[in-house]
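Colleague: Below are the sequence and a predicted model; questions follow.
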Amino acid sequence: MAGKTFFDKLWDPHVVADLGGGFALLHIDRTLLHDLSGARALEEVEEKGYHLARPDLTFATPDHAVSTRPGRTSETFAPGHKLLVPLRRRSKELGVRLFDLGQDGHGIVHIIGPELGLSLPGLTIVCGDSHTCTHGGVGALAFGVGSSELVHVLATQTLVQRKPKRMRVDFDGAPPPGVTPKDMILHLIGRIGAAGGTGYAVEYAGSAIRALPIEGRLTICNLSIEMGAKMGFVAPDDITYQYVAGRDFAPKGADLDAAMAHWRTLPGDADAVYDVEHRVDMAAVAPQITWGTSPEHVIGVDRPVPDPAAAPDDGRRAAWAAALAYQGLEPGKPIEGTKVDWVFIGSCTNSRISDLRAAAQIARGRRTAAHVTAWVVPGSERVKKQAEAEGLDRVFRDAGFDWREPGCSMCVASNGEIVPPLQRSVSTSNRNFVARQGPRARTHLASPAMAAAAAIKGAIADVRKM
Amino acid sequence: MDKFTRLEGVAAPLMRSNVDTDVVIRIQRLVELPRDELGPYCFESIRYRPDGSENPDFIGNEAAYRGAPILLAADNFGCGSSREGAVWALMGMGVRAVIAPSYGDIFFNNCFQNGLLPVVLPLAEIERLAEETRAAPGNARVTIDLERQVVVSPRGREVRFEIEPKRRHAMLNGLDDIGVTLTHRERIAAWQAKDKTERPWVWLSGAAR
Ligand code: SF4
């Protein structure tokens, strides 16, 4: 019999009941709530006549609908305040730990999970947010759910799920100059498409993944959903254990020893079988930039804008043409040099300390172009404090960037922070969808270093030339 | 949850791949509005022009397709954000079923939680449905029969579709998932008791609470 994959070793023991037909009742070890749907979900549990099953395994943070203006309070963005007030009240009444604005531990939900050690290897984690796959970077089985499924978890600490198929992606070799984890995952999405991972749980492996610090793995797992995969993960190794040990909610002492012994049994067996396997040769990866309105609309920054006439099928031809019209781009022209109005460095994809360091390295001693508005939004209070301790805030400010408070900000534009209509932004976030950053806003996804380079040049720029 | 058994009506061909849930409903509307007021904002980014008038290029604005209860789409419909508001907005606009070759996983699950049926058919079949529909705009009607698991095309062709028996049963009967799960209450408690001895660290004893 073939060995088990990491995924099977996580999934199978979490099955409380086999419901037949490929469905399982799965135990959920952590539930994370955010301001957009958190209070409503807690209320709905009670309206339906149930009660919160495990407040001790449930955590909340306001991130989506908060202003990130320096000196902000929860009232700065009034519609968000209306969502946060009941979340505060319900959390308090029910015993749910809330990391509130300005407190140590506050930040974007997918930043603080790993940062606080709430997300650990071997755990099942859900949140009412599709980028919950991020937490797979520490070796957790983490995925996003809708509001109804979230209420189900809150009321039962379980979820009815169909077991996905197994995909393995090996990244092999050393990264060429200018290539970051963001470029690795965008390159993969460009190759297999925005639906390439649909129905799969994706394990990232290979020498290039093994060499990555946890923060880079989190970035890669974050974009799993952009290729359709609800969950993506990296099996834990010594880098994981070193990252996890000592964090606030991570096991300590004898508990840590026991946990470690368990975690070491989790990586897949050598003879484990996957339903599909892909391999990426790192030598073939260039710094990436998206040109359209799906993350699969991505090219190396030295490439021309694609022509819809060359699209592989009718659905894509229509989508490419619509994307070019929306983005205001012409096929065949180089994308490098396209004038940029806004730069956003932030989001659960790229707002950790390593991301800010990479961006600061490009910004140091330079000035943003006069016509560009550039924001740096740290992912959490702790990232912000660390960056300030290293003087990165000064580097950014001196270069003409705004240094802001933690939150989702312009990644999602549900907080009053938007890219104005028809303006072009280079963003380190994960979605270039129509109107994602604001009505008629034009988004190009890229790495933190590429975004910083665009801010300096005032145009889409190749970070290798900086 | 609403039951779904059989639906007959006009099918609007929105034959584009990767229609994401951000396009279905903008997040800003979910911050501002309760779920039963989202219908007018469904697809707003492509449904209206910047001045607020209707965009004639949007299929749902054509007289023949206005209020169509069925949407025909290309692959990966509902990809992206987990927002269940996408389902509520579609339902608010009158959509009760989508027919597409594939869906975003989270959106697919969300549909079943609300009684909106996501039918999976091969792209070629959906293109034929679209063709037959366009041949008689406004009059062509598509039927989706969940009991028999068939889609009947405007010209009367029957196409079988697959759906997991468990999901079909829940849709036909409008079942409440949580109630069903809590029939396993004792097994959940037993699983947790065992796990506390095997993985005590998961249960946050002695952690920084
Ligand atoms: S930063 Fe963006 S993608 Fe991440 S949780 Fe916030 S809104 Fe979602």
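Modeller: Arrived safely. The structure presented is a predicted model; accordingly, all values stated were derived computationally and were not measured.

Colleague: neighbouring contacts of the helix or strand of chain B with the lowest mean pLDDT?
Modeller: Of all helical and strand segments in chain B, the minimum by mean pLDDT, DSSP states H and E falls on helix B:177-181, at a mean of 92. Helix B:177-181 is contacted from outside by A:25, A:48, A:50, A:148, A:151-152, A:155-156, A:158, A:160, B:113, B:170, using CB atoms under 8 Å, 6 or more residues apart in numbering or on different chains. Glycine gets a C-beta too; all of them are placed from N, C-alpha and C.

Colleague: same thing but at 7 Å, please
Modeller: With CB atoms under 7 Å, 6 or more residues apart in numbering or on different chains as the test, helix B:177-181 has contacts from A:25, A:48, A:50, A:152, A:155-156, A:158, A:160.

Colleague: would you list the residues you listed in a markdown table and tack on secondary structure?
Modeller: Shown next, in a markdown table, are the contacts of helix B:177-181 (DSSP: H, G, I helix; E, B strand; the rest coil):
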| residue | secondary structure |
| --- | --- |
| A:L25 | strand |
| A:K48 | coil |
| A:Y50 | coil |
| A:H152 | helix |
| A:A155 | helix |
| A:T156 | helix |
| A:T158 | strand |
| A:V160 | strand |
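
Colleague: and the residues you listed, which two are the farthest apart?
Modeller: A:L25 and A:K48 (18.2 Å; CB to CB).

Colleague: higher neighbour count, those two?
Modeller: Using other CB atoms under 10 Å in any protein chain shown as the criterion, A:L25 and A:K48 rank with A:L25 on top: 21 against 14.

Colleague: domain ranges for chain A?
Modeller: A:6-163+A:237-261, A:165-230+A:269-284, A:288-465 (automatic domain parsing).

Colleague: same thing with chain B?
Modeller: Structural domains assigned to chain B are B:6-174, B:176-209, following automatic domain parsing.

Colleague: Could you pull up the mean pLDDT of the longest one?
Modeller: Translated: domain B:6-174. Summarised as a single mean, pLDDT over domain B:6-174 is 96.

Colleague: Let me see the residues that make contact with stretch A:221-232.
Modeller: The contact list for stretch A:221-232 (CB under 7 Å, 6+ apart) reads A:110, A:130-131, A:133-134, A:136-137, A:141-144, A:164, A:185, A:188-189, A:192-198, A:200-202, A:204, A:233-234, A:295, A:348-349, A:430, B:76, B:79, B:104-106.

Colleague: circling back: mind giving me the packing neighbours of the helix or strand immediately after the least confident helix or strand of chain B in the chain?
Modeller: Downstream of helix B:177-181, the first helix or strand assigned by DSSP states H and E is helix B:185-198. If contacts are counted by 3 or more CB pairs under 7 Å, 6 or more residues apart in numbering or on different chains; DSSP states H and E, helix B:185-198 sits against strand A:15-20.

Colleague: repeat that with 8 Å
Modeller: strand A:15-20, strand A:23-27 (3 or more CB pairs under 8 Å, 6 or more residues apart in numbering or on different chains; DSSP states H and E).

Colleague: what's the most buried one of those strands?
Modeller: Among the helices and strands packed on helix B:185-198, strand A:23-27 has the highest mean neighbour count (mean count of other CB atoms under 10 Å in any protein chain shown), at a mean of 20.

Colleague: Now whichever helix or strand comes after it - C-alpha only, PDB.
Modeller: Per DSSP H and E, the first helix or strand lying C-terminal to strand A:23-27 is strand A:30-34. Below are the C-alpha coordinates for strand A:30-34, written out as PDB (Å, rounded to 0.1, in the frame of the first residue of the first chain):
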ATOM      1  CA  ARG A  30      -9.100  27.000  15.700                       C
ATOM      2  CA  THR A  31     -11.800  29.400  14.500                       C
ATOM      3  CA  LEU A  32     -10.700  32.900  13.500                       C
ATOM      4  CA  LEU A  33     -13.200  35.800  13.200                       C
ATOM      5  CA  HIS A  34     -12.800  39.200  11.600                       C
END
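
Colleague: right, and the helix or strand after strand A:30-34?
Modeller: Past strand A:30-34, the next helix or strand by DSSP H and E is helix A:38-47.

Colleague: got the angle between that next one and strand A:30-34?
Modeller: 120 degrees (axes from the mean of the first three to the mean of the last three CA atoms, to 10 degrees).

Colleague: what does helix A:38-47 contact?
Modeller: Outside helix A:38-47, the residues within contact range by CB under 8 Å, 6+ apart are A:33, A:51-52, A:60, A:83-84, A:86-87, A:89-91, A:94, A:96, A:128, A:147, A:150-151, A:154-155.

Colleague: which SS class is A:A360?
Modeller: Quick answer, by three-state DSSP: A:A360 is helix.

Colleague: looking only at pLDDT, what's the mean for stretch A:308-318?
Modeller: On average, the pLDDT along stretch A:308-318 is 89.

Colleague: does any bit of that stretch sit next to chain B?
Modeller: Yes - contact between stretch A:308-318 and chain B, assessed by CB under 8 Å from any CB of the partner chain, occurs at A:313-316, A:318.

Colleague: Now restrict these to buried residues only.
Modeller: For these, a burial check counting by 16 or more other CB atoms under 10 Å in any protein chain shown picks out A:315-316, A:318.

Colleague: Which stretch among the domains of chain B approaches the ligand most closely?
Modeller: domain B:6-174 (7.5 Å; CB to the nearest ligand atom).

Colleague: what about that closest one, how long is it end to end?
Modeller: 13 Å (CA to CA, to the nearest Å).

Colleague: still on that earlier bit, make a PyMOL selection of the buried ones in the contacts of helix B:177-181.
Modeller: Of those, the buried ones go into a single PyMOL selection, burial set by 16+ other CB under 10 Å:
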select buried, chain A and resi 25+50+152+155+156+158+160
